[in-house]
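pasting the sequence and the predicted model now:
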Amino acid sequence: MATLDGKVAIVTGAAGDIGREITRAFVKAGATVNACDVESKRLESLCEELSESPGKVIPYVTDISDLSAINAMVDSVAKKFKAVHILINGAAICPLTSIEEIEESEWDKTLSINLKAPFFVTKAVIPLMKTSKWGRVINISSISGFIGGILTSPAYSISKAGLICFTKYLAKRLAPYGITANAIAPGTAETRMTECFPKEGKETILKSIPLGRFALPSDIVPAALFLASDETGFITGQTIHVNGGQYM
Ligand SMILES: NC(=O)c1ccc[n+]([C@@H]2O[C@H](COP(=O)([O-])OP(=O)(O)OC[C@H]3O[C@@H](n4cnc5c(N)ncnc54)[C@H](O)[C@@H]3O)[C@@H](O)[C@H]2O)c1
């Protein structure tokens, strides 16, 4: 397993099912993870669980739809550590509302959390990556951003497609500073996010997955560890699809 000894990370959505698995793996690999989420109880229990690990986890109860909260969180990390090496943009919401039904407020909220927030978290973190001339930005996109959505609201799939464009922009813009930017696009995963998917829809999706099951949160971890590692400094602007063959 890659060592992340001495690395400082920020993980948004760290209390989520996938975010927690990534945080666990990073902390076990020796990183200090600044774990950001709106769910304070789940953050608290994650910190307790990881208290004996090689790395550290520091909770930030932060609503990333609020730009001032993003900046306060990153400022606080900057004061403590001076540098950030790894950023996982993982927080998201996933409404299922169709174009016929969606209201402007839901569109705005989805794009604000899923696309605008990763943009501004990254903007705030870039100076802290430049200082060490080493950085890994990892955006959690989705299969939905590639195929136009599966049961999800178009706002969700559009936000996830936007993250892919953003990843490529960052890869070009940040390359001179030793910072890479890549995305992970999970297929349909068994997490809280998909609990609200209608049963019939889920059965249809399952049939479309050659490996015959939904992704588990732990399936996403190897891609995150790989992209965060020292050894992958020549990989940038790419997307790793973790989907059991659901999209290829
Ligand atoms: N579950 C899937 O099928 C699937 C598929 C493809 C991509 N993804 C992506 O994986 C990532 C993790 O999702 P998950 O499945 O673990 O779902 P999850 O709901 O368990 O995790 C999402 C986390 O984001 C947090 N969050 C939401 N709004 C926030 C805000 N305003 N500020 C801070 N945190 C906020 C939530 O509290 C939650 O802990 C997301 O980016 C999601 O889009 C999931």
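Cool, the structure landed.

now Phe119. Nearest residue, chain neighbours left out?
Spatial nearest neighbour of Phe119, excluding adjacent residues (CB to CB, 6 or more residues apart in numbering): Phe166 at 6.3 Å. For the C-beta atoms, the positions are set from N, CA and C on the backbone; glycine is no exception.

and that neighbour, what element?
Assigned by DSSP states H and E, Phe166 falls within helix 154-174.

report the central residue of this protein.
Central residue of the chain (CA atoms, centre = their mean): Gly90, 2.1 Å from the mean position.

which ones are touching the residue lying closest to Thr12 once chain neighbours are set aside?
In this structure, Thr12 finds its nearest non-sequential neighbour in Ala91, 4.1 Å apart by CB to CB, 6+ apart. Contacts of Ala91 were listed using CB atoms under 8 Å, 6 or more residues apart in numbering, and they are Thr12, Gly13, Gly16, Gly19, Cys36, Asp37, Ile64, Ile113, Ala117.

make sure the last one is actually in contact with Ser65.
Yes - Ala117 sits in contact with Ser65 when judged by CB atoms under 8 Å, with a separation of 6.1 Å.

next one: phi and psi at the residue lying closest to Phe197 once chain neighbours are set aside?
Residue nearest to Phe197 in three dimensions, not counting chain neighbours: Leu151, with 5.4 Å by CB to CB, 6+ apart. Note on Leu151: backbone dihedrals following degrees, to the nearest 10 are phi 70, psi -20.

Ile179 too?
phi -110, psi 130.

going forward, count from 14.
Shifting the count to begin at 14 puts that one at Ile192.

so who does whichever residue of the chain sits closest to the ligand touch?
Proximity of the chain to the ligand (CB to the nearest ligand atom) peaks at Gly29, 2.1 Å away. Going by CB under 8 Å, 6+ apart, Gly29 touches Asp50, Gly103, Ala104, Thr204, Arg205, Met206.
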